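Engineer: next input, structure requested:
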Amino acid sequence: MITIKPFKALRPQAEHAKQVASRPYDVLSSKEAKIEAQGNPFSFLHITKSEIDLPEDTDSHSQQVYDKAKNNLDAFISRNVLFRESKPCYYIYRLIMNGKSQTGLVCGSSVDDYENDLIKKHEFTRPEKEQDRINHIKTTGAQTGNVFLAYKNVAEIDTIISDWQTGKNPVYDLKADDGIQHTIWIINDNETIQKISDIFKTQVPCTYIADGHHRAASAAKVRAALGKDAPAGAGIFLTTLFPASQLMIMDYNRVVKDLNGLTIETLLEKASEKFVIEKAAEAFSPAALHQFGLYANKQWYQLTAKENTYTTDPIGILDVTILQDNFLDPILNIKDQRTDTRIDFVGGIRGLGELEKRVDSGEMAIAFSLHPVTIQQLFDIADSGNVMPPKSTWFEPKLRDGLLTNLIYDIA
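Structural biologist: Numbering: from 1, shown residues only. Presented below is the predicted three-dimensional model:
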């Protein structure tokens with residue numbers, strides 16, 4: 001069963017919350033982060049993407065960047081932009097996007113549970129991305145990135161969270177520039193805190209990483225590196241737990257730099273062995289599993305996987321697997337999406353226009369739009385002990401960095 005713990009969040013003064021709250025570090029390039037934080041000295045991007053405060057030619061993975069993050073974090077605390085909660089609490093985090101609401105519980109999840117596979121994974125991680133967050137956590141002493149976990153609904157938890165929202169006022173209620181509403185309540189009642197902890201301990205056998213595999217892995221490796229000197233705060237990592245019924249997975253699309261020496265006509269001819277191919281009159285967003293959009297030379301095509309060209313096991317039935325096994329590998333010679341520099345990934349929140357833009361600009365030669373993975377597919381794969389191909393899921397809306405941070409060390 002799952003162990004969760006309340007924690008003393010480092011969080012902004014209410015009057016600074018909207019300025020502090022920033023998009024996650026890993027959805028922005030350094031250039032985008034610099035533009036987004038421009039004119040806002042309170043943006044948490046000064047901590048999560050601190051290279052924006054250094055010369056443009058600075059290596060974003062240099063120790064200089066992590067030291068700057070630490071200095072900026074210390075400055076935010078000393079200027080009372082951020083303060084630490086006086087006692088360990090749970091927090092309720094509600095997001096509303098396009099009229100759809102989803103509400104999660106912010107807590108410390110156990111590193112032991114992560115290492116014992118009670119917190120289930122569905123993706124491999126990249127060592128260089130892990131190392132970046134390891135260096136950031138070790139230098140700043142803070143887990144600034146929230147790991148997005150899912151669990152199978154428990155009615156009692158739903159009721160507690162709903163009742164608390166109804167009966168209490170939030171500490172933050174802000175609408176970000178992208179129109180997404182972020183609302184946070186503090187659960188600071190000891191009896192309620194204990195009740196929530198007990199329910200997870202007795203009724204929730206496991207949780208699933210939806211978004212944040214690198215952040216979770218990095219937190220575990222930081223504790224391991226600290227060894228016997230690891231503080232108690234390093235034994236948990238910052239998470240928000242969402243019941244499965246509330247989650248929305250978006251498409252995670254692909255763009256490829258070249259056609260492996262083929263013309264588009266030859267490429268489509270080869271693909272027709274495994275796919276039914278039709279020209280599309282407009283940008284094609286797959287409406288069902290096993291459909292794909294393909295964009296090249298200013299033309300969209302609809303591809304539908306032919307029967308008996310894929311397996312029905314939890315991995316084989318995924319559209320990302322079908323695309324890899326029947327197109328990317330045999331036709332474009334992309335053997336490993338994790339390491340091949342010819343392929344890049346575009347979250348569905350950016351829209352199909354982003355795919356067209358990257359191809360039309362000449363940066364990429366071809367783009368693929370995919371149907372989103374379902375939450376049940378994610379659970380099935382994690383439960384089977386398998387992992388999805390890289391970049392299979394894109395969750396929206398995203399939690400904002402800076403509203404709740406876990407410090408692994410105590411501060412005065």
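Engineer: partners of the lowest-mean-pLDDT helix or strand in the chain, with directions?
Structural biologist: Least confident helix or strand of the chain, by mean pLDDT, DSSP states H and E, is strand 394-395 with a mean of 82. In the sheet, strand 394-395 lines up against strand 249-250 (antiparallel) (DSSP bridges).
Engineer: could you point out which element follows the strand it pairs with?
Structural biologist: Per DSSP states H and E, the first helix or strand lying C-terminal to strand 249-250 is strand 252-256.
Engineer: parallel or antiparallel, list what pairs with that following strand.
Structural biologist: strand 343-347 (antiparallel), strand 366-370 (antiparallel).
Engineer: and the next helix or strand past it?
Structural biologist: Defined by DSSP H and E, the subsequent element after strand 252-256 is helix 264-271.
Engineer: pLDDT on that following helix, on average?
Structural biologist: Average pLDDT, helix 264-271: 96.
Engineer: sorry, back to before: go through the strands paired with strand 252-256 and pick out the most buried.
Structural biologist: strand 366-370 (a mean of 24; mean count of other Cβ atoms under 10 Å). C-betas here are computed from N, CA, C, even on glycine.
Engineer: contacting residues around it?
Structural biologist: Residues outside strand 366-370 that contact it (Cβ atoms under 8 Å, 6 or more residues apart in numbering): 251-256, 259, 264, 267, 283-286, 292-296, 319-320, 323, 327, 346, 352, 355-356, 358-359.
Engineer: what's the longest helix in this structure?
Structural biologist: Ranked by residue count, the top helix of the chain under DSSP state H comes out as helix 63-78.
Engineer: who are the packing partners of that helix?
Structural biologist: With contacts taken as 3 or more Cβ pairs under 8 Å, 6 or more residues apart in numbering; DSSP states H and E, helix 63-78 sits against helix 45-48, strand 82-84, helix 127-140.
Engineer: for residue 163, which of those is the nearest?
Structural biologist: strand 82-84 (27.2 Å; Cβ to Cβ).
Engineer: any buried residues in the closest one, and which?
Structural biologist: Using 16 or more other Cβ atoms under 10 Å as the test for burial, strand 82-84 gives residue 82.
Engineer: which residues sit against that strand?
Structural biologist: 8-13, 20, 73, 76-77, 405, 407, 411.
Engineer: could you find the closest non-adjacent residue to residue 214?
Structural biologist: residue 129 (4.6 Å; Cβ to Cβ, 6 or more residues apart in numbering).
Engineer: which residues of the protein fall in helices?
Structural biologist: Using DSSP H, helices in the chain cover 17-20, 30-37, 45-48, 63-78, 111-115, 127-140, 155-167, 190-203, 213-226, 264-271, 319-323, 352-360, 375-384.
Engineer: what angle do the longest strand seen in the chain and helix 213-226 make?
Structural biologist: Longest strand in the chain, counting residues (DSSP state E): strand 100-110. Using axes from the mean of the first three to the mean of the last three Cα atoms, to 10 degrees, the inter-axis angle of strand 100-110 relative to helix 213-226 is 20 degrees.
Engineer: so what secondary structure elements neighbour strand 100-110?
Structural biologist: Counting by 3+ Cβ pairs under 8 Å, 6+ apart, strand 100-110 packs on strand 4-5, strand 90-97, strand 147-151, helix 155-167, strand 236-243.
Engineer: thinking again about what came up before, which of the residues in the longest helix of the chain are buried?
Structural biologist: Buried, per 16+ other Cβ under 10 Å, within helix 63-78: 65-66, 68-73, 76-77.
Engineer: show me the contacts for residue 230.
Structural biologist: With Cβ under 8 Å, 6+ apart, residue 230 has these contacts: 222-223.
Engineer: do you know how far it is from residue 319?
Structural biologist: For residue 230, the distance to residue 319 equals 41 Å [Cβ to Cβ, to the nearest Å].
Engineer: contact partners of the least confident helix or strand of the chain?
Structural biologist: Contacts of strand 394-395 (Cβ under 8 Å, 6+ apart): 148, 210-211, 247-252, 347-349, 372.
Engineer: can you check stretch 348-357 too?
Structural biologist: 250-253, 255, 283-285, 293, 295, 346, 367, 369, 372, 394, 396.
Engineer: of those, buried ones?
Structural biologist: So, by 16+ other Cβ under 10 Å, the buried ones in the contacts of stretch 348-357 are 250-253, 255, 284-285, 293, 295, 346, 367, 369, 372, 394, 396.
Engineer: those: which two are farthest apart?
Structural biologist: The largest separation in those, counting by Cβ to Cβ, is between 295 and 396 at 21.8 Å.
Engineer: contacting residues around the closest residue in space to residue 193 that isn't next to it in sequence?
Structural biologist: Nearest non-adjacent residue to residue 193, counting by Cβ to Cβ, 6+ apart: residue 6, 5.2 Å away. By Cβ under 8 Å, 6+ apart, the contact list for residue 6 reads 88-90, 107-108, 187, 193, 197.
Engineer: wait, which of these is closest to residue 300?
Structural biologist: Among the contacts of residue 6, and counting by Cβ to Cβ, the member closest to residue 300 is residue 107, at 43.8 Å.
Engineer: what about the closest one, neighbour count?
Structural biologist: A total of 29 residues lie near residue 107 under the criterion other Cβ atoms under 10 Å.
Engineer: I'd guessed it sits against residue 3; true?
Structural biologist: No: Residue 107 lies out of contact with residue 3 (Cβ atoms under 8 Å); the separation is 9.9 Å.
Engineer: any chance of TSV for the buried residues of helix 63-78, columns pLDDT and distance to residue 182?
Structural biologist: As requested, the buried residues of helix 63-78 are exported to TSV (pLDDT from 0 to 100; distance: Cβ to Cβ, whole Å):
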residue	pLDDT	distance to residue 182
65	97	27
66	97	27
68	97	26
69	97	23
70	97	26
71	97	27
72	98	22
73	97	21
76	98	19
77	97	22
